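S.K.: Let me see the structure of the following:
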Amino acid sequence: VVVVEVNGYTIGPGADLRGADLSGADLHGASLYGADLSGADLHEASLPGANLDFAGLHGANLSGTNLSGAGLHEANLAGANLTDAILSGAWLWEANLTEVNLSGATLNGADLRMANLARVDLRGTNLKGATANEDTVWPDGFDPVAAGVIFQD
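M.R.: Numbering: from 1, shown residues only. Got it, this is the predicted structure:
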């Protein structure tokens, strides 16, 4: 397990980073499995390939953040700001995205199977090639097929 220090914060699995200012930080491939990042400021951070499975990101600012290929399995992102974030190829399987702002975000190729996107702002969001299943919860009135989402079991 690799633990590093970034901006004065200890980064590693299970880390308590509630309210931390990690804006613009380079956390490429970081292991933040189960970390608590509730209310953290990660805007424009670089987290491609990071492991954020089971992480708490409730209310975090992830606007403009690069999360391409990141693992976010069962992560709690409720109320987070992901405006203009890059989530291409991210694994959001069973993630809680309730009331998240995803306007202008890129989710092409993301895995959204069993994710909860209730009351999510998807204006201008690129979902082409994202995968979902019948258990994925969408905002009322949203047509995932028209947005280019592919359904799989």
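S.K.: quick one: contacts for Ala90?
M.R.: Under the criterion of C-beta atoms under 8 Å, 6 or more residues apart in numbering, the contact list for Ala90 reads 67-72, 107, 110-111. (Each C-beta comes from the backbone N, C-alpha and C, glycine too.)
S.K.: Now the two most distant members of those residues.
M.R.: The most widely separated members of the contacts of Ala90 are Gly71 and Leu107, with 14.6 Å between them, by C-beta to C-beta.
S.K.: So for these two, which sits in the more crowded spot?
M.R.: Under the criterion of other C-beta atoms under 10 Å, the comparison of Gly71 against Leu107 puts Leu107 first, with 27 against 22.
S.K.: Do you have the strands of the chain handy? List them.
M.R.: With DSSP state E, the ranges of strands along the chain come out as 4-6, 9-11, 131-132, 150-151.
S.K.: Just checking: what are the partner strands of the last one?
M.R.: Same thing as strand 150-151. Partner strands for strand 150-151, per DSSP bridges, with pairing direction: strand 131-132 (parallel).
S.K.: Check the offset of the strand it pairs with from the chain's centre.
M.R.: Counting by C-alpha atoms, centre = their mean, to the nearest Å, strand 131-132 is centred 15 Å from the centre of its parent chain.
S.K.: Could I get the average pLDDT for it?
M.R.: Along strand 131-132, the predicted local confidence has a mean pLDDT of 98.
S.K.: which residues are contacting it?
M.R.: By C-beta under 8 Å, 6+ apart, the list of residues contacting strand 131-132 from outside reads 109-113, 115, 144, 149-152.
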